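Undergrad: Kindly return the folded structure for what I paste below:
(one chain, ligands or ions: 3)
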Amino acid sequence: MRKLFLNASIRDKIIIITCLISFTVSLMMTVVLAFQEYYRAQQNFYKRITLEAQIISDNIGSAVLFNDRDTLAETSKSFFQDRSILSVSVFDEEGVLFFESIREERLNDNPAVLKDASSRSRGNLHLETKESITLVDKGIVVDEERVGTLQISAINYQLDSIIHNIFTTMAWNIVLSVVLASILAAFLQKLISAPILNLYKTSKLVAKTQDYSVRARQHSQDEVGSLASMFNQMLEKVEQRDEKLEKLVEQRTFELEKLAEEFKHRAFHDSLTGLPNRALLSERFDLAIEHAKRRQNKFACLLLDLDNFKTINDNKGHSYGDQLLIEVANRLKNTIRREDLVARLGGDEFVILLSDIEGTEGLYSLLEKIIEAVGKEFYVNNEVVRTGVSIGASLFPDHGSTMNSIKRKADVAMYRAKDGGKNCFYIYTPDMQEDVRYRLMIQNDLETAIQEEQLLLYFQPKIHNKAKLIKGCEVLVRWEHPKEGFLSPGEFIPYMEESSQIISLDYYVVKKACETIKRWQSSELSEISLAVNLSGRHFTNYRIVDKIKGLIDDFFINPGLLEIEITEAVLIEDPEVAQSVVSALKRLGVRLSLDDFGTGYSSLNYLRTLPIDCIKLDQSFIHSVDVNEQDKRLIKGVVSLGKGLGLELVAEGVETASQLNILESLGCDYVQGYYFLKPVSEKEFIQWYEKYTRRM
Ligand code: C2E
Ligand code: CA
Ligand code: CA
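TA: Ligands and ions are numbered 1, 2, ... in the order given. Prediction:
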């Protein structure tokens, strides 16, 4: 029942409750009214019987006094006309029944009704009946003297009909009020249920549609009204939060998509330069192969390697190097055509795919454009920096049919470009394969060469132009290779420069030079200085300073007899560090020469800032000095500048007397070249020296 009620709708609950209340109220009221009615009927009955008892007692006084039972019987008979009166009893003074008259039909109906009258005394009249009998006692007074008591027993026959009436009225009352209440409740319940139902419908709609912009109608200002208002506030908050959440989700989705895009981009692009990476290159390579096959034309694969990037990176730091790589990438992108692709493989290695190559002329001009673009000055961190690029190129389908074979060929050509003096390009030719093998062999064999003393020191004198005195010798390395034969520096030094092997080689040469100085100390050559060539790779740190100091100390030689030849290129990459290393070397007491002067960048400023003793004019000036007026002018300028700075000047590569004469006329102090002696072994040099000095 309770469950049934709980599951009923609000409307039904209101009706049920109203009906229940109206039923209870009307029942209670009817019961009260019924009792009132019953009590009043009983009261009236009692009053009537009492009045009748009064009349009887007034009439029977003398009959009692005179024991006149007949009169009593006669008198009481007349009272039996009142159907209610059942019996009339008279008791004497002592309460002993003196007279009793019982309604006849009562006796006939039930003879046991009245027990033996003689055994009864006043007050204990007992009628064995379930009916409600009213007993009324009245004193019988004669001349103000009580002579007995009259007792009338009566039954109120109207009571049944009264009760019946009461119950009927009650039933009608209840039924009517419940019906009326239910009708009224059915109408009026709307006042309560409508706002609640509205609220219910709204929330159902919201739950179903998830549309939080819906609002409940606020019917009233009561609790339901407040509930609706709070519900609306809640919806508003949810809506706002929803909107916020939607925006957030939108933003997150956007961010996620961006991230996914970035991941994708990252997977196919180099994070530093934004250029395509190896993965994208390999995709594009396949496409380029397909494309070229379909159109029956060619495409070129260029492998690019920056020439001095490692030094820049070591000297200036990685972030500087990274900045430069970005600049190089941008320049490459701006140089190639739209249909071409530039990718970064890592480090300072780039690959360019040039599509639809018709002939080699087109390829040449593109390669030249790239060399030129990368060769121009870069501005990194407000500093000017220069680099160059070595490019190896190969063609599809001429040099291979797969990406790997074409790339390998470009790599071979690129190494040739490196060997060929850098900042240039080479297009693959089959004979280059030989180069690769050779390079690898050279690089592998150096250690053994040092251990087995295959490296030889050759000597070439530097001679005072006027005095024709031998001032010193340049030490030039040679390699007596067991398989390759006698190798000049040009045949192995460039490969050593590619790696740090050049450092070991130079250490070896410097050590041997110090050893030679030591050996010569006790001979006629004791005054002759030896000049060693040091690679630019030494000038990024002070190790070379420690090394040379150690050797000078170990061999206990005059540091002034050791000369170090450095090129300007050493200073370009990180002038500050290089200059301080040079200064530290100078402080050891060794002599310093600036080699190959006039090639490279020829910043005359270095002549002022570097603690050098000597300038070595590059042989390219000397070769044409007797024909080229401009070269002559330049030499003159350098000579006067050098003199002004207190520097010696050595002209390299002097091969003819004419060259020598001109140099002398120009004021060049020292000369070196085949004209006097080609670089030779120690033994040959000593022989030559002896001959030369003897001739003098
Ligand atoms: P470099 O320092 O400019 O050496 C001078 C080069 O010119 C030498 O070549 C020498 O043989 C050559 N030469 C001298 N006189 C004449 C001449 O009259 N005419 C011509 N055509 N050439 C002449 P080499 O010995 O082949 O050395 C080449 C380069 O190898 C050197 O150029 C130097 O940069 C480098 N090198 C040689 N030895 C060493 C070394 O021990 N360490 C390092 N790092 N580099 C070295
Ligand atoms: Ca030199
Ligand atoms: Ca030189």
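Undergrad: for the stretch 551-696 of the chain, what are the low-confidence residue spans?
TA: 572-573, 599-605 (pLDDT under 70).
Undergrad: What residues does it have near ligand 1?
TA: 565, 595-596, 619, 652-655, 673-674, 679 (C-beta under 6 Å from any ligand atom). Heads up, the C-betas are built off the backbone N, CA and C, glycines and all.
Undergrad: Just the buried ones among those residues, please.
TA: Listed as buried from those are 565, 595-596, 619, 652-654, 673, 679; burial here means 16 or more other C-beta atoms under 10 Å.
Undergrad: Show me the residues of the stretch 551-696 of the chain next to ligand 1 that map onto helices.
TA: Using DSSP state H, the subset of these located in helices is residue 619.
Undergrad: Mark which of the residues of the stretch 551-696 of the chain next to ligand 1 are part of strands, please.
TA: 565, 595-596 (DSSP state E).
Undergrad: any idea how far residue 401 is from residue 389?
TA: 27 Å (C-beta to C-beta, to the nearest Å).
Undergrad: what does this structure put close to ligand 3?
TA: When proximity is defined as C-beta under 5 Å from the ion, the chain approaches ligand 3 at 595-596, 652.
Undergrad: again, only using 8 Å
TA: Applying C-beta under 8 Å from the ion, one finds that the chain approaches ligand 3 through 533, 565, 567, 595-596, 616, 618-619, 652-653.
Undergrad: can you pull the contacts of residue 328?
TA: Contacts for residue 328 (C-beta atoms under 8 Å, 6 or more residues apart in numbering) come out as 306, 348, 350, 374, 378, 387, 389.
Undergrad: Any chance of these in TSV with neighbour count, distance to ligand 1 and pLDDT as columns?
TA: Listed next are those as TSV, based on neighbours: other C-beta atoms under 10 Å; distance: C-beta to the nearest ligand atom, whole Å; pLDDT from 0 to 100:
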residue	neighbour count	distance to ligand 1	pLDDT
306	23	21	93
348	21	22	92
350	27	28	96
374	24	24	94
378	19	27	93
387	24	21	91
389	26	22	95
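Undergrad: For those residues, which two are the farthest from each other?
TA: 350 and 378 (14.8 Å; C-beta to C-beta).
Undergrad: Now do the helices in the stretch 51-200 of the chain.
TA: 61-65, 69-79, 104-109, 158-209 (DSSP state H, counting those that start in this stretch).
Undergrad: cool, the stretch 251-400 of the chain as well?
TA: So, for the stretch 251-400 of the chain - with DSSP H, counting those that start in this stretch - the helices run 278-295, 309-316, 318-335, 360-375.
Undergrad: winner for burial among those helices?
TA: helix 309-316 (a mean of 20; mean count of other C-beta atoms under 10 Å).
Undergrad: Just grab the bridge partners of the nearest residue to residue 670 once chain neighbours are set aside for me.
TA: Leaving aside its sequence neighbours, residue 670 sits nearest to residue 650 (C-beta to C-beta, 6 or more residues apart in numbering; 4.2 Å). Taking DSSP bridges as the rule, residue 650 bridges to residue 616, residue 670.
Undergrad: Quick one: residues contacting residue 650.
TA: Here residue 650 is in contact with 462, 593, 614-617, 668-672 (C-beta under 8 Å, 6+ apart).
Undergrad: which one of those is nearest ligand 2?
TA: residue 616 (6.4 Å; C-beta to the ion).
Undergrad: Now do the nearest residue to residue 494 once chain neighbours are set aside: how many residues are near it, please.
TA: Using C-beta to C-beta, 6+ apart and skipping residues adjacent in sequence, the residue nearest residue 494 is residue 419, 4.9 Å away. Residue 419 has 20 neighbours, counted by other C-beta atoms under 10 Å.
Undergrad: And residue 631, by the same measure?
TA: Using other C-beta under 10 Å: residue 631 sits among 19 other residues.
Undergrad: Please, which helix or strand holds the nearest residue to it once chain neighbours are set aside?
TA: Excluding its sequence neighbours, the residue lying closest to residue 631 (C-beta to C-beta, 6+ apart) is residue 621, at 5.0 Å. Secondary structure assignment for residue 621, by DSSP states H and E: helix 619-623.
Undergrad: Residue 630 too?
TA: Applying DSSP H and E, one finds residue 630 within helix 629-644.
Undergrad: which of the residues in that helix are buried?
TA: Buried residues in helix 629-644 (16+ other C-beta under 10 Å): 631-632, 634-635, 638-639, 642.
Undergrad: One more: stretch 467-476?
TA: Buried-residue list, stretch 467-476, by 16+ other C-beta under 10 Å: 470-476.
Undergrad: Mind exporting the C-alpha coordinates of that stretch to CSV?
TA: The C-alpha coordinates for stretch 467-476 follow below in CSV (Å, rounded to 0.1, in the frame of the first residue of the first chain):
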residue,chain,number,x,y,z
ALA,A,467,122.9,37.8,-48.0
LYS,A,468,122.0,34.5,-49.6
LEU,A,469,122.3,33.0,-46.1
ILE,A,470,120.3,30.1,-45.0
LYS,A,471,118.1,31.3,-42.3
GLY,A,472,116.1,28.2,-41.6
CYS,A,473,114.2,25.4,-43.1
GLU,A,474,110.6,24.5,-43.6
VAL,A,475,109.8,21.0,-42.5
LEU,A,476,107.4,19.3,-45.0
